[in-house]
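Colleague: This is the structure alone, sequence omitted:
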């Protein structure tokens, strides 16, 4: 009997436990099911973005970003622990998140836009690749706002200022791991299935970006698959949005003539303070600040200026100068948000491997056909296309020699055109074999970092970059490294503008065996193949379109002198290089390439890395003449290297003569 009672008690206990579990699960399900709303931040997450036609500041006609394209990623919602926000208030798709982000802030600084590069840099604060890199070739250049600003910038008669105000309400993002497999919309899947595996526009079919720009219905293009690729990009864009801040953004774009700005400066008026007082949202606290703002507003009335206000998100305010109207706009952006800051990834990341190369070629074709090149911008001002030699000569050389990784920063209003970062180690016996490395400096950025890796004893860095007001259209750099034979090849349709190869041997005696070979401009590839015993071959090349104006007048020169240190202080051997007549040194307004000493103790000859200037008949360098030889230790060794890029100087001479004549007159 007792056994029967115990069995019944256990059954009752089990029943109660099962009932409690069931009730708990039901309650949890009910909790998750209470979340029925979806954050507005998801409306634009995972959609396509056209980085050529887009403009994150907005379009003067659309009052929105013209780069937003069709949805690509199809989100899956499920009311469970993985599909509800942490506060259980909203549904969120698997692999993505959204959260409130409440902030309204006016820019503290009024940004001056003196060049197209300045404008693109400002746009990239609101739309950039993950990691902060520039979006890519001809980015934003097909937007109406870009064209209008380019017309003003190229004439150099006015200056433009930007003042932005953000009101953020939501942040949203999605997983970016390679292992996460997204579901795609039916439209995107169908479009990808219809894409060919190759892109005909890069296969010498005659359908070039220039021809497509002039006539998309030309028979040479109709017989290719170019239209299918262009239609795909037109519908889904070149990138997709992986993170965003949604809300509202108001941008004042103010343009003033240089003459009025000069008058303001001579009158003692601070142009930026006056503009911010006139167009800033709200007012500064304190009677003194209010009085100062009122005075600056009155001063602005004496001068002429053009202003354009671009508004994204919310209900358009009736008067952007009225604080009450702006407060109403700020409140409305929660109900009607737009993406005002976005992070992008290349759309090619989502395509099947067999179609990725075709997409990359199609993207380049699209950027060149639809976007504005440097020659297009020159034409806006009624001028002829600038030759690549002139572009190089107008640049500024920046150099770094020191502890790794190191970095260089371009001057204000300039961005990197080309360059490289090098790290060598001759001090350790296997330093070259294991540690020698090189990378290119990304065009379009204002900074070039050295190689980011843990430094070891003997490592030392060298960085060279050419900065300019505008990037060279279509320039791409390639770095190759191999112990046996390094070959750098330009992308299809492009050829070498500048470049060199280095062959290196390690150990204390290795520095004396360094070999530098200049890469020939106009060829498609460059090879570094050192003599027997070489431990690393490095090649760096900068490539441009084979039809780039002035390319045929570019000549690269380089040489090296190898010697054992002889303790001739400051005069230990000499290397010299010069341009063939009638060409002149090209890289930079007063600079043209570099000279460098390679030494066992590389960190002791940092001052032997300098630029070559175009006022030198020859570019020369002597060895520093230092050596260390104690008992069993071998002597230090060294080599001297020189590399320059040369271009026709007639245009520069004509400009100089004209300036001299004006001065005499």
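Modeller: Noted; the coordinates are in hand. Quick caveat, the model's predicted, so the values are computed rather than measured.

Colleague: by contact count, what packs against the lengthiest strand in the chain?
Modeller: Determined from DSSP state E, the single longest strand within the chain is strand 239-257. Using 3 or more C-beta pairs under 8 Å, 6 or more residues apart in numbering; DSSP states H and E as the contact criterion, the elements in contact with strand 239-257 are strand 47-49, strand 158-174, helix 271-279, strand 306-312, helix 323-332, strand 338-346. In this view, the C-beta of every residue, glycine as well, is placed from N, C-alpha and C.

Colleague: Among these, which comes closest to residue 455?
Modeller: Closest approach to residue 455 among those (C-beta to C-beta): strand 338-346, 30.8 Å.

Colleague: which residues does the closest residue to residue 553 other than its chain neighbours bridge with?
Modeller: Nearest-residue entry for residue 553: residue 648, 4.3 Å, with adjacent residues in sequence omitted and distances by C-beta to C-beta, 6 or more residues apart in numbering. Beta-bridge pairing of residue 648 under DSSP bridges involves residue 583.

Colleague: any weak-confidence spans in the stretch 101-250 of the chain?
Modeller: The model of the stretch 101-250 of the chain has pLDDT under 70 over residues 106-109, 131-137, 179, 202-203.

Colleague: Which of the helices and strands packed on strand 239-257 sits closest to residue 96?
Modeller: strand 158-174 (4.2 Å).

Colleague: in its sheet, what does that closest one sit against?
Modeller: Next to strand 158-174 in the sheet, as set by DSSP bridges, lie strand 96-106 (antiparallel), strand 111-113 (antiparallel), strand 239-257 (antiparallel).

Colleague: Just name the most buried of those strands.
Modeller: strand 239-257 (a mean of 23; mean count of other C-beta atoms under 10 Å).

Colleague: how much does whatever helix or strand comes next after that strand deviate in direction from helix 271-279?
Modeller: Of the helices and strands lying after strand 239-257 in sequence (DSSP states H and E), the nearest is helix 258-266. Angle of helix 258-266 versus helix 271-279, following axes from the mean of the first three to the mean of the last three C-alpha atoms, to 10 degrees, is 100 degrees.

Colleague: helices or strands up against helix 258-266?
Modeller: strand 158-174, helix 271-279.

Colleague: What's the first helix or strand after the longest one?
Modeller: This means strand 158-174. Next along from strand 158-174, by DSSP H and E: strand 183-184.

Colleague: So which elements touch that following strand?
Modeller: Looks like strand 183-184 contacts strand 73-74 (3+ C-beta pairs under 8 Å, 6+ apart).

Colleague: List of residues touching the strand it packs on?
Modeller: 45, 46, 47, 174, 182, 183, 184, 185, 240 (C-beta atoms under 8 Å, 6 or more residues apart in numbering).

Colleague: Could you spell out the sheet neighbours of it, each with its direction?
Modeller: strand 183-184 (antiparallel).

Colleague: Work out the gap between the strand it pairs with and the centre of the chain.
Modeller: 29 Å (C-alpha atoms, centre = their mean, to the nearest Å).

Colleague: got TSV for the helices and strands packed on strand 239-257, with distance to residue 425 and mean neighbour count too?
Modeller: As requested, the helices and strands packed on strand 239-257 are exported to TSV (distance: least, C-beta to C-beta, whole Å; neighbours: other C-beta atoms under 10 Å):
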stretch	distance to residue 425	mean neighbour count
strand 47-49	43	24
strand 158-174	40	22
helix 271-279	47	20
strand 306-312	51	18
helix 323-332	56	16
strand 338-346	35	22
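
Colleague: will you turn these into CSV that also has distance to residue 357?
Modeller: Shown next, in CSV, are these (distance: least, C-beta to C-beta, whole Å):
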stretch, distance to residue 357
strand 47-49, 20
strand 158-174, 25
helix 271-279, 47
strand 306-312, 35
helix 323-332, 46
strand 338-346, 13
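
Colleague: okay, the contacts of strand 73-74 in TSV with distance to residue 157 next?
Modeller: Shown next, in TSV, are these (distance: C-beta to C-beta, whole Å):
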residue	distance to residue 157
45	42
46	44
47	39
174	45
182	49
183	53
184	49
185	48
240	39
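
Colleague: what about residue 312, distance to residue 341?
Modeller: According to C-beta to C-beta, to the nearest Å, residue 312 and residue 341 sit 11 Å apart.

Colleague: who wins for proximity to residue 550 among the helices and strands packed on strand 239-257?
Modeller: Across those, closest to residue 550 is strand 158-174 (C-beta to C-beta), at 28.7 Å.

Colleague: Leaving out sequence neighbours, find the closest residue to residue 272.
Modeller: What sits nearest to residue 272 in space, not counting adjacent residues and going by C-beta to C-beta, 6+ apart, is residue 110, at 4.5 Å.

Colleague: isn't that neighbour right next to residue 278, touching?
Modeller: No. Judged on C-beta atoms under 8 Å, residue 110 makes no contact with residue 278 at a distance of 10.5 Å.

Colleague: do you know which of the strands paired with strand 158-174 lies nearest residue 170?
Modeller: Taking the strands paired with strand 158-174 one by one with C-beta to C-beta, strand 239-257 is closest: 4.4 Å.

Colleague: next one: the closest one to chain centre, how far?
Modeller: Distance, stretch centre to chain centre, for strand 239-257: 18 Å (C-alpha atoms, centre = their mean).

Colleague: repeat for stretch 153-163
Modeller: Taking C-alpha atoms, centre = their mean, the mean C-alpha location of stretch 153-163 is offset from the chain mean by 22 Å.

Colleague: Can you give me the end-to-end span of that stretch?
Modeller: 18 Å (C-alpha to C-alpha, to the nearest Å).

Colleague: before we move on, what about stretch 167-180?
Modeller: OK, stretch 167-180 end separation, C-alpha to C-alpha: 32 Å.

Colleague: residues in contact with that stretch?
Modeller: By C-beta under 8 Å, 6+ apart, stretch 167-180 touches 39-42, 45-46, 73, 95-104, 130, 182, 242-249, 313-314, 329-330, 333-334, 337, 340-341, 343, 345.

Colleague: cool, stretch 252-263 as well?
Modeller: Under C-beta under 8 Å, 6+ apart, the answer for stretch 252-263 is 57, 149, 152, 156-164, 271, 275, 279, 303-310, 320.

Colleague: Residue 115 and residue 447: what is the separation?
Modeller: Residue 115 is 17 Å from residue 447, by C-beta to C-beta.

Colleague: again, but for residue 230
Modeller: For residue 230 relative to residue 447 (C-beta to C-beta), the value is 34 Å.

Colleague: The two - which one has more neighbours?
Modeller: residue 230 (19 against 14; other C-beta atoms under 10 Å).
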